[in-house]
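K.L.:
Sharing a sequence plus its predicted fold:
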Amino acid sequence: EVQLVESGGGLVQAGGSLRLSCAASGFTFDNYAIGWFRQAPGKEREGVSCINNRDGLTSYVGSVTGRFTISSDYAKHTVYLQMNSLRPEDTAVYYCHANILSRQFWGQGTQVTVSP
């Protein structure tokens, strides 16, 4: 059974940092890309960052480039999202996502709140 479990969210002041974790199980971690999405109240879910565990290539949405860093720990089957210089507009529920054999899998989400 594929499972994605997020952790690490919380309340932080603008300019602060958080590190989100996505613990993955039930599939061959090294073979798939894992992404982070976020959804703010009243807004559509948007892709934030993705890492391809086959080759380590990463991508970011423009609004987080230079502030967020995605990485994988292959021994722990965990993907991290290091978020620095946080802004109030980064406030959202952050979700971990994987597309495994054309099926979409999501974690339960973790709340990130950035106060001004």
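P.N.:
Okay, I see it. Numbering: from 1, shown residues only.
K.L.:
hey, let's count contacts and neighbours off CA atoms from now on
P.N.:
OK.
K.L.:
Now do the SS call for the residue nearest the centre of the chain.
P.N.:
Nearest to the geometric centre of the chain sits W36, at 3.0 Å (Cα atoms, centre = their mean). Judged by DSSP: H, G, I helix; E, B strand; the rest coil, the three-state class of W36 is strand.
K.L.:
Disregarding flanking residues, what is the spatial nearest neighbour of it?
P.N.:
C96 (4.7 Å; Cα to Cα, 6 or more residues apart in numbering).
K.L.:
For the protein, which segments are assigned as strands?
P.N.:
3-7, 10-13, 18-25, 33-39, 46-52, 58-60, 68-73, 78-83, 92-100, 103-106, 110-115 (DSSP state E).
K.L.:
The fourth one vs strand 46-52, what angle?
P.N.:
Angle of strand 33-39 versus strand 46-52, following axes from the mean of the first three to the mean of the last three Cα atoms, to 10 degrees, is 170 degrees.
K.L.:
give the contact list for L11.
P.N.:
Counting by Cα atoms under 8 Å, 6 or more residues apart in numbering, L11 touches V112, T113, V114, S115.
K.L.:
Report how many residues lie close to the first one.
P.N.:
Pointing back at V112 there. By other Cα atoms under 10 Å, the residues close to V112 number 22.
K.L.:
is it in a bridge, and if so with what?
P.N.:
G10, A92 (DSSP bridges).
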